[in-house]
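Novice: Quick one: sequence and predicted model below, then my questions.
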Amino acid sequence: MPDDAAAARAAAEEESAFSHPPVDPDATATYGDHPDQVIDFYAPRGAEPASPASPAPLVVVLHGGAWRAPYDRRHITPFVDYLARRGFAVANVEYRRGTVIPAQGGEGAVAGRWPDTFDDVAAALDALPALAGELLPQADSRRTVITGHSAGGHLALWAAARHVLPADAPWRTHQPALLRGVVSLAPIADFAVAEKLDVCGNAALQLLGGDEKFAERRPYADPALLLPTGIATTLVQGRTDLVVPQAVAESYAEAAAKAGEVVGLTLLEDVGHFPLIDPAADACAVVAEEIAQLAW
């Protein structure tokens, strides 16, 4: 258990990250019939405006929230707007999350839906180039970077690994995605370690359907088992993260190394879980720079 000072610091970081008002998109598109199958687009707002003649890199954002229904894409829009103000074109992807169910002592939320959450991320990424070309002509889809925070960090790693999924996976692609890279923020990147540490109330176990399905479905969903990808990947992790501990990111990086792939791991001192997406935090500038290193 964290000591009182660490817990208080983590609570202050979370409060700061959630203190910013949501930022409305410039355009929204659907990639399916479900209300959650939408992508919000944010035009670049840098000092040198992008245009179809001089387009900006496209950053695809997958939000976190332990794949649970109470947390939707709105909470990450201040971070999305921050990236847009740094000159990126941004696509903020929504996807189906776990259902809210009656639980002992009140309302509870299951983490994710199988296979719906994965269906949506795959469909959104497949539809994105055409949608961005129509609604965000300032975006250069040839320079796409995927980023995601926490559970969204998992989905970013998974989306970049679809070409190495098992042959019978419905989401498998025949070739790697056309990406400049992945910047995954405090990701739930290794399900075995996350289960041992009870990350987010064992959200990864819930996502895969519980104890009965966990081992069977892990090869289709766990980024630590989907290596090497051949796609440039960087993890950004706070050393004092109490939500998704540093050990999870380190385990993924070690698995990548064993598979013959070098994955960048940027560890930030005195940084917890939420400063990575908090425009008021110095850590957010580090994240933007990591994205820029791959995108530009």
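Specialist: Happy to help now that I have it. Residues are numbered from 1 along each chain as shown.

Novice: Tell me the first helix or strand C-terminal of the lowest-mean-pLDDT helix or strand in the chain.
Specialist: Every helix and strand in the chain was compared by mean pLDDT, DSSP states H and E; the lowest is strand 106-109, with a mean of 58. For strand 106-109, the following helix or strand on the C-terminal side (DSSP states H and E) is helix 116-135.

Novice: and the helix or strand just after that next one with helix 116-135, angle?
Specialist: Using DSSP H and E, the helix or strand that follows helix 116-135 in sequence is strand 139-149. Angle between the axes of strand 139-149 and helix 116-135 is 150 degrees (criterion: axes from the mean of the first three to the mean of the last three CA atoms, to 10 degrees).

Novice: which other helices and strands contact strand 139-149?
Specialist: Counting by 3 or more CB pairs under 8 Å, 6 or more residues apart in numbering; DSSP states H and E, the packing neighbours recorded for strand 139-149 are strand 56-62, strand 89-93, helix 116-135, helix 151-159, strand 181-185, helix 282-295. (C-beta placed from N, C-alpha, C; glycine too.)

Novice: export it as PDB, just CAs?
Specialist: What follows is strand 139-149, C-alpha atoms only, in PDB (Å, rounded to 0.1, in the frame of the first residue of the first chain):
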ATOM      1  CA  ALA A 139      -3.400  15.800 -41.800                       C
ATOM      2  CA  ASP A 140      -0.700  13.700 -43.400                       C
ATOM      3  CA  SER A 141      -1.800  10.100 -42.800                       C
ATOM      4  CA  ARG A 142       1.600   9.000 -44.100                       C
ATOM      5  CA  ARG A 143       3.100  10.400 -40.900                       C
ATOM      6  CA  THR A 144       0.800   8.800 -38.300                       C
ATOM      7  CA  VAL A 145       1.700   8.100 -34.700                       C
ATOM      8  CA  ILE A 146      -0.600   6.300 -32.300                       C
ATOM      9  CA  THR A 147      -0.600   7.200 -28.600                       C
ATOM     10  CA  GLY A 148      -2.700   6.100 -25.700                       C
ATOM     11  CA  HIS A 149      -2.800   6.400 -22.000                       C
END
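
Novice: Could you tell me the angle between that strand and strand 181-185?
Specialist: 30 degrees.

Novice: what about the helices and strands packed on strand 139-149, which gets the closest to Leu207?
Specialist: With CB to CB as the criterion, Leu207 lies closest to helix 116-135 of these, at 7.0 Å.

Novice: Rounded mean pLDDT for that closest one, please.
Specialist: Mean pLDDT, computed over helix 116-135, is 97.

Novice: who touches that helix?
Specialist: Residues outside helix 116-135 that contact it (CB atoms under 8 Å, 6 or more residues apart in numbering): 27, 29, 31-32, 34, 36-37, 39, 41, 58, 60, 62, 67, 89, 91, 93-97, 139, 141, 144, 146, 155, 158-159, 162, 170-171, 177, 207, 220-221.

Novice: cutoff 7 Å now
Specialist: For helix 116-135, contacts defined as CB atoms under 7 Å, 6 or more residues apart in numbering pick out 27, 29, 31-32, 37, 39, 41, 58, 60, 62, 67, 91, 93, 95-97, 139, 141, 155, 158-159, 162, 171, 177, 207, 221.

Novice: can you tell me the helix or strand for Glu250?
Specialist: Assigned by DSSP H and E, Glu250 falls in helix 246-258.

Novice: Now that helix - C-alpha only, PDB.
Specialist: C-alpha atoms of helix 246-258 as PDB (Å, rounded to 0.1, in the frame of the first residue of the first chain):
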ATOM      1  CA  GLN A 246       6.600   0.900 -13.600                       C
ATOM      2  CA  ALA A 247       7.100  -2.900 -13.500                       C
ATOM      3  CA  VAL A 248       4.400  -3.300 -16.200                       C
ATOM      4  CA  ALA A 249       6.200  -1.200 -18.700                       C
ATOM      5  CA  GLU A 250       9.500  -2.700 -17.800                       C
ATOM      6  CA  SER A 251       8.200  -6.200 -18.400                       C
ATOM      7  CA  TYR A 252       7.000  -5.300 -21.900                       C
ATOM      8  CA  ALA A 253      10.300  -3.700 -22.700                       C
ATOM      9  CA  GLU A 254      12.100  -6.900 -21.500                       C
ATOM     10  CA  ALA A 255       9.800  -9.100 -23.600                       C
ATOM     11  CA  ALA A 256      10.500  -6.900 -26.600                       C
ATOM     12  CA  ALA A 257      14.300  -7.300 -26.100                       C
ATOM     13  CA  LYS A 258      14.000 -11.000 -25.800                       C
END
